[in-house]
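K.L.:
Predicted structure and sequence below. I'll ask about it afterward.
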There are 2 protein chains.
Amino acid sequence: MKRHVLIYGLIGGTLITILQWTQYRFLVLEHSIEIYAGLIALTFAVLGIWLGLRITSPPQNTTAPKLPATSEANAVALGVVPPHKIRDDRGITPRELEILNLIAHGLSNREIAATLFVSENTVKTHSSRVFDKLGARRRTQAVQLGKQFGLLP
Amino acid sequence: MKRHVLIYGLIGGTLITILQWTQYRFLVLEHSIEIYAGLIALTFAVLGIWLGLRITSPPQNTTAPKLPATSEANAVALGVVPPHKIRDDRGITPRELEILNLIAHGLSNREIAATLFVSENTVKTHSSRVFDKLGARRRTQAVQLGKQFGLLP
DNA sequence: CTTGTCGTCATTCTTTCGGGTGATTTTGCG
DNA sequence: CGCAAAATCACCCGAAAGAATGACGACAAG
């Protein structure tokens, strides 16, 4: 990301230099200022669009927390390797995984509590722990990450 | 969409006009040309970024890191997915599907609103409609049903 | 016996979701 | 042009979710 800003500034500086170099031509051509302005506008508009695409192509990178840099996980993310082979169990206990599974099926905490015959607070505790271990802030995100880690089908 | 281009051209024209109007000031300030060039560059860079976001956010191909709509066709062609699983588009509009997609990625309503440059209320309206059309009561359930209907990868 | 883990439950508090309703603006199409 | 669908935004309100604690019993390992 920093490289883009660098390139950006570099192009800007180059453009300024070129403008400075061709400064004396303003005396000759009458309306060259508009032409130059248009050129600059066009250039930077294209550049801006390109930049805009660049900086927004990974939209949830800002929200997505710690993703492992391991080659296995990357392979899973890219779909190269079937995810059931490598499951990144991040210290998630069986009970917690059970809750995560029910969450993925669209059940509410109350329904999960009723299913497992435990208190709703217990479900909340488990889910909170799962979220913490997965680095998720919402249950939908937990489901998404759970699938990435091969914990969920 | 056409309006944006229009606005774009309008702003450009206005800028040119302003430049023309302030043309005589170039005789006073020595390096104002660079300043003006920088201003133009900055303005159009921001504008370009904005435009780039505008023209690329409606189709979620650029923002969606996951497999696009052609994934199912590819999967069918590869024999991975049985062809009887046809996507049951239940009158869900593209925008609504886009919101559903972002929900499936674990984004909150606020984050979705920020991603799509709309109000949080709008996101809520869309999601409510999607839930209604899918028969879901929770977003996790909506995701689950969306996958069942072949609307989500 | 001490330590650590796991599962369980509670309380308080804040944030987020979701339903409901109404409104305006854009847009696509006949 | 005029209409209908889609998209946008606003407000209220209750329910659900989640964070931050603290606590207790069971159980296995050291």
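P.N.:
That came in fine, so what should we check first?
K.L.:
quick one: low-confidence parts of chain A?
P.N.:
A:1-88 (pLDDT under 70).
K.L.:
If we use 50, what do you get?
P.N.:
Confidence mapping of chain A against pLDDT under 50 gives the ranges A:1-9, A:17, A:20-33, A:52-85.
K.L.:
how about the residues of it near DNA strand D?
P.N.:
Residues of chain A found near DNA strand D (Cβ under 7 Å from any atom of the strand) are A:Ser108, A:Asn109, A:Arg110, A:Lys124, A:Thr125, A:Ser127, A:Ser128, A:Phe131, A:Asp132, A:Arg137, A:Arg138, A:Arg139. Where you see a C-beta, it was placed from the backbone N, CA and C, and this is true even at glycine.
K.L.:
Give me the subset of those residues that lies in strands.
P.N.:
Among these, no member falls in strands (criterion: DSSP state E).
K.L.:
what subset of those is also close to DNA strand C?
P.N.:
A:Lys124, A:Thr125, A:Arg138.
K.L.:
got a list of what the first one touches?
P.N.:
Read that as A:Lys124. Applying Cβ atoms under 8 Å, 6 or more residues apart in numbering or on different chains to A:Lys124 gives the contacts A:Asn109.
K.L.:
how about 10 Å then?
P.N.:
Applying Cβ atoms under 10 Å, 6 or more residues apart in numbering or on different chains, we find A:Lys124 in contact with A:Ile99, A:Asn109, A:Ile112, A:Ala113.
K.L.:
and if you look at A:Arg95?
P.N.:
Contacts of A:Arg95 (Cβ under 10 Å, 6+ apart): A:Leu116, A:Val118, A:Thr122, A:His126, A:Arg129, A:Val130.
K.L.:
What residues of the host helix or strand of it count as buried?
P.N.:
Using DSSP states H and E, A:Arg95 sits within helix A:94-104. Residues of helix A:94-104 classed as buried: A:Glu96, A:Leu97, A:Glu98, A:Ile99, A:Leu100, A:Asn101, A:Leu102, A:Ile103, A:Ala104 (neighbour count, 16 or more other Cβ atoms under 10 Å in any protein chain shown).
K.L.:
measure the fourth one to DNA strand C for me?
P.N.:
Which is A:Ile99. From A:Ile99 across to DNA strand C, the span is 8 Å (Cβ to the nearest atom of the strand, to the nearest Å).
K.L.:
if we can go back for a sec, which one of the contacts of A:Lys124 is nearest to chain B?
P.N.:
The closest of the contacts of A:Lys124 to chain B turns out to be A:Asn109 (Cβ to the nearest Cβ; 10.1 Å).
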